[in-house]
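1. Model the following, please.
(one chain, ligands or ions: 1)
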Amino acid sequence: MDELRIRKAAETDLQDIIRLWKRNIRTINTASDIADLFYPFKKYYLVAVYTDADTANNGRPEGRGRERIIGFVGGAIRSGHGHISGIAMDREYRMNGMGKRLLKMVDAEFLADGFEQITLEVRKSNRNAIRFYKKNGYKKSYDIKGYYADGEDAIVYEKKI
Ligand SMILES: CC(C)(COP(=O)(O)OP(=O)(O)OC[C@H]1O[C@@H](n2cnc3c(N)ncnc32)[C@H](O)[C@@H]1OP(=O)(O)O)[C@@H](O)C(=O)NCCC(=O)NCCS
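-> Numbering: from 1, shown residues only. All right, here's what the predicted structure looks like:
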């Protein structure tokens, strides 16, 4: 049976996270920028993993198929609160509730470490992400003019968990 699940990211997942980040999020972050965000806050990185039914029992005695990483969320601690540095699902797996599950699981990590406030920045034009964050309890806080390298403004959203 096809399987979709979420697990903590391992160091060996970094290349997949970089691929997902660059493919799905409009950014000038290089692979090394993403690695610099990842290593200090690895415990706040989670990956969504798809296991294909066709490969699930393909001669593997343990009965688990080949994993494909199809989404991630990356958190950080910034100025004493939780922060979402990036979240993305590969296009064909969106609108299936996995983004919500990723946010919930990273919330639980923040909460376990005593952080009850979470912030994030989103491009003003990213209406789908804004709708997603609002649906998951984030409230608009303030704008940052010209935050992105191409001059676009960011909106800061925050949530208390
Ligand atoms: C934002 C993102 C991670 C959401 O992941 P997801 O797995 O699709 O989200 P879920 O299935 O949990 O939630 C779906 C909800 O999000 C919002 N949403 C997400 N994508 C949407 C779209 N294309 N159109 C309309 N609403 C959208 C809606 O509120 C939707 O629920 P609704 O239709 O009932 O209102 C995903 O759309 C994505 O990877 N986007 C590209 C990367 C990005 O912009 N990341 C954020 C900036 S860092």
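2. From now on I want contacts and neighbour counts done on CA atoms only, so please keep to that.
-> OK.
3. Which residues are in contact with the most centrally placed residue in the chain?
-> Centroid-nearest residue in the chain: V73, 1.7 Å away (criterion: CA atoms, centre = their mean). By CA atoms under 8 Å, 6 or more residues apart in numbering, V73 lies in contact with 44-47, 84-88, 102-103, 106.
4. Skipping adjacent residues, who's closest to it in space?
-> What sits nearest to V73 in space, not counting adjacent residues and going by CA to CA, 6 or more residues apart in numbering, is I87, at 4.2 Å.
5. Doesn't that neighbour lie inside a strand?
-> Yes: looking at I87 with DSSP: H, G, I helix; E, B strand; the rest coil, it is inside a strand.
6. Let me know whether it touches R94 as I believe.
-> No: contact between I87 and R94 fails when scored by CA atoms under 8 Å: they sit 11.7 Å apart.
7. more neighbours, the two?
-> I87 (22 against 13; other CA atoms under 10 Å).
8. Just the residues contacting the biggest helix by length in the chain, thanks.
-> Assignment by DSSP state H gives helix 98-112 as the longest helix of the chain. Defining contact as CA under 8 Å, 6+ apart, one finds that helix 98-112 is touched by 6, 43-48, 72-73, 75, 82, 87-89, 116, 136, 161.
9. Produce a ChimeraX select command limited to the buried residues of those residues.
-> Provided next is the ChimeraX selection string for whichever of the contacts of helix 98-112 are buried by 16 or more other CA atoms under 10 Å:
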select :6,43,44,45,46,47,48,72,73,75,82,87,88,89,116
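10. Near the ligand, list only the ones from the contacts of helix 98-112.
-> Contacts with the ligand within the contacts of helix 98-112, counted by CA under 6 Å from any ligand atom: 87-89.
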